[in-house]
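In: Sequence first, predicted model second:
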Amino acid sequence: MNHPDKLALPVGTTLDRFIMRKQEDFPYATGELSQLLRDIALAAKIVNREINRSGLIDIAGAYGNRNVQGEDQQKLDVIANIRFIRALRNGGEVCTIISEEDEEVIQTGNVQGKYIVAIDPLDGSSNIDVNVSIGTIFSIYRRVSPTGGEGTRQDCLQTGTHQVAAGYVVYGSSTMLVYTTGNGVNGFTYEPSLGEFFLSHPNIQTPATGAIYSINEGASATFSAGTTAFVAYCKEQNYSARYIGSLVADFHRNLLKGGIYMYPASAKAPQGKLRLMYECNPLAFIVEQAGGKATSGRCRILEIEPHEMHQRSPVFIGSSELVEKAEQFLAQDNAS
Ligand SMILES: O=P(O)(O)OC[C@H]1O[C@](O)(COP(=O)(O)O)[C@@H](O)[C@@H]1O
Ligand SMILES: [Mg+2]
Ligand SMILES: [Mg+2]
């Protein structure tokens, strides 16, 4: 069924209706990916409720365990992890999950499930207890192995170019879900009193350039010559330094306003800090769909061959002209 101007749906369209209408654009679509996106939205609503009242009930602070990254897990990290895993398992579409909070992949038991999800259940953990925006980041792949068995290592370790969908939720002054299925990027704002996400930011295009740079300069003493030179360039241009310390929130601001977020390699983090499968790849897919760029400094993030579930990568992501400028400065690092 062809819709006049089939891709444009009015602001205020519910997420459910949007997903349904987009599915109609793909005659062979079976509805499984649509259902998976709904499962993620449901878990996001539940986690949003927990976050909003986290100061009132005893879910603030550390959980008392360390995750595979060696980080102290916050209680909300664990709660969000449980909520998303449960929604994905119960939804039936996902056979295997890669989660930041679990060392091993999670086999859901849905052996007929066609999808793999890599997820950062709660991003910006250091900001949980201080009422600063935090988020959730997800990346979706189709399995390459036949259904009927558990997801394999090959199913899980696909390059970012194979993502069929990716998105994030930002739990901020308002809660938004932003995602792509490879046909542009759309943002939905949550209306808690109705329990619905509504289309508020259709067809997001990130400005080709901007005057914002986001980087934690705390480790600048051990940045590469190229990174140091690019940061100096940003200052010479009188760009504004903005760093919230929650990747999703920093990325979202720059996506809408124009800018560049960087988490480079340093002595403290020789491979950078951010994880390829559930932080860099999904945001790189989104930024490219919105007209921006994402690089490790050596290559396009989406073309990095993954070899570990929790591997890290340096990342420079945002407005295309700023990332290209960064690449020019970083080239000196690759020459040496
Ligand atoms: O404190 P740093 O070194 O600047 O790191 C901040 C970065 O680490 C993160 O908190 C890592 O993500 P998690 O909170 O999901 O572990 C990013 O959200 C953020 O951009
Ligand atoms: Mg994170
Ligand atoms: Mg996290």
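Out: That came in fine, so what should we check first? Numbers count the residues shown, from 1 in each chain. Ligands and ions are numbered 1, 2, ... in the order given.
In: what about stretch 155-175, near ligand 1?
Out: No. Using C-beta under 6 Å from any ligand atom, we find that stretch 155-175 stays clear of ligand 1, coming within 10.7 Å at best. Using the backbone N, CA and C atoms, a C-beta is placed for each residue, glycine as well.
In: what mean pLDDT does that stretch have?
Out: Averaged over stretch 155-175, pLDDT sits at 97.
In: contacting residues for Ala331?
Out: Applying C-beta atoms under 8 Å, 6 or more residues apart in numbering to Ala331 gives the contacts Gly226.
In: Enumerate the beta-bridge partners assigned to Val185.
Out: Val185 forms beta bridges with Thr180, as assigned by DSSP bridges.
In: Neighbours of it, how many?
Out: Applying other C-beta atoms under 10 Å, we find 26 residues neighbouring Val185.
In: Quick check: the gap between it and Val178.
Out: Relative to Val178, Val185 is positioned 6 Å away (C-beta to C-beta, to the nearest Å).
In: where do the contact lists of the two overlap?
Out: Joint contacts of Val185 and Val178 (C-beta under 8 Å, 6+ apart) are Ile204, Ile286.
In: give me the beta-bridge partners of the closest residue to Thr181 other than its chain neighbours?
Out: With sequence-adjacent residues excluded and distances taken as C-beta to C-beta, 6 or more residues apart in numbering, Thr181 is closest to Ala165, at 4.5 Å. When assigned by DSSP bridges, Ala165 has beta-bridge partners Ile140.
In: is it true that Ala165 touches Ser34?
Out: No. Using C-beta atoms under 8 Å, Ala165 is not in contact with Ser34, being 10.0 Å away.
In: between the two, which one's more packed in?
Out: Legend: neighbour count by other C-beta under 10 Å for Ala165 and Ser34, higher for Ala165 (22 against 19).
In: Just the helices from the protein, written as ranges.
Out: Secondary structure of the chain (DSSP state H): helices at 15-23, 32-52, 75-91, 153-156, 225-236, 247-257, 281-289, 320-335.
In: by how many degrees do the first one and helix 32-52 diverge?
Out: In other words, helix 15-23. 160 degrees (axes from the mean of the first three to the mean of the last three C-alpha atoms, to 10 degrees).
In: by contact count, what packs against helix 15-23?
Out: If contacts are counted by 3 or more C-beta pairs under 8 Å, 6 or more residues apart in numbering; DSSP states H and E, helix 15-23 sits against helix 32-52, strand 185-191, strand 196-201.
In: How about the residues of the protein by ligand 2?
Out: Contact residues (C-beta under 5 Å from the ion) of the chain with ligand 2: Asp120, Asp123.
In: is the helix or strand of the chain with the lowest mean pLDDT anywhere near ligand 3?
Out: Between all helices and strands in the chain, the lowest mean by mean pLDDT, DSSP states H and E belongs to strand 62-66, at a mean of 77. No. Using C-beta under 5 Å from the ion, strand 62-66 never reaches ligand 3; the gap is at least 12.5 Å.
In: Identify the residues contacting that strand?
Out: Identification of contacts with strand 62-66 by C-beta under 8 Å, 6+ apart yields Asp72, Gln73, Gln74, Lys75, Asp77, Val78.
In: For the spatially most central residue of the chain, give me the pLDDT.
Out: By C-alpha atoms, centre = their mean, the chain has its centre lying nearest to Ile137, at 3.5 Å. Predicted confidence (pLDDT) for Ile137: 98.
In: ok, back up a step: now the angle between helix 75-91 and the least confident helix or strand of the chain, please.
Out: With the same axes, to 10 degrees defining the directions, strand 62-66 sits at 70 degrees from helix 75-91.
In: Understood, closing this out.
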